[in-house]
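Peer 1: turn this into a model:
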Amino acid sequence: MASLEPLVFPVSQVLPLADGSYLQVIEYVRTVPGKRAVCRCVWNGLNVYAKVFIGRQAARYAERDAAGVNFLSEVNIKTPTLLLDTKLLNLQARVLIFAEVQGAINAEQAYKKAGDSYLLLKSLVTEVALLHQHKILQTDLYLKNFLVDGDEIYTLDGDGIRQYRFLSPRRALKNLAVLISKFDVLEVEQWLPSLLQVYATARNWSSVPDLTAFKRLVNQHRTQVGLS
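Peer 2: Model (predicted):
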């Protein structure tokens, strides 16, 4: 029987799936021992990414992740295509297989190599505004949860997606402030007026959010996570 503990496999590891196919693991991108792993794989001749969930809450987290991804797709927000929701053969583990977005890198990598960080942040602010316009929050707003493919942004991590019947401007701006806090404070300081205009335009708001109040939200988050 295959084992997922401690979620560290040799590169040649083959993971058999319940439908008779298998994953050939190429690289482990991220592991959370006892909970999940994200790996780059080959499946049915395709380059894919797989999320493997283990433990007592595996089904719950896999279902929530899949539901979030499916909802993004329903409202035409770009996210990697979910190709298969299955289980590992002979092991109580759920697997979500996603199509690889060829040539894309995550936003954290893009930020480190960006010649113009403003253009990247403008694209991310526009993407978050689009989520908010559909009454969606990405509650796990790490830069690694966005893919950058040229001018296109893909939202990742369906588990962090939350849908609201009503999304208040205050809640939306607090969420936007979390994103802004991930960037260099001195860079962001000069860009904030323009970025708030970008956000307001994307939301079809008639006025731009108050700059002083928004800076306060960014600083509050930085203080909470020890970034100040």
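Peer 1: which strands and helices lie in contact with the helix or strand where V95 lies?
Peer 2: Assigned by DSSP states H and E, V95 belongs to strand 94-99. Packing partners of strand 94-99 (3 or more CB pairs under 8 Å, 6 or more residues apart in numbering; DSSP states H and E): strand 46-53, helix 58-74, strand 82-87. No exception for glycine: its C-beta is placed from N, CA and C like everyone else's.
Peer 1: how big is the angle separating it from strand 46-53?
Peer 2: Angle between the axes of strand 94-99 and strand 46-53 is 150 degrees (criterion: axes from the mean of the first three to the mean of the last three CA atoms, to 10 degrees).
Peer 1: please name the strands paired to strand 94-99 in the sheet, noting orientation.
Peer 2: With DSSP bridges as the test, strand 94-99 is paired with strand 46-53 (antiparallel), strand 82-87 (antiparallel).
Peer 1: now mean neighbour count and distance to E74 too, for those strands, in CSV please.
Peer 2: Compiled in CSV, the strands paired with strand 94-99 are given as follows (neighbours: other CB atoms under 10 Å; distance: least, CB to CB, whole Å):
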stretch, mean neighbour count, distance to E74
strand 46-53, 21, 20
strand 82-87, 17, 12
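Peer 1: make a markdown table out of those strands and add distance to V38 and mean pLDDT.
Peer 2: A markdown table is the format used below for the strands paired with strand 94-99 (distance: least, CB to CB, whole Å; pLDDT from 0 to 100):
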| stretch | distance to V38 | mean pLDDT |
| --- | --- | --- |
| strand 46-53 | 5 | 96 |
| strand 82-87 | 14 | 96 |
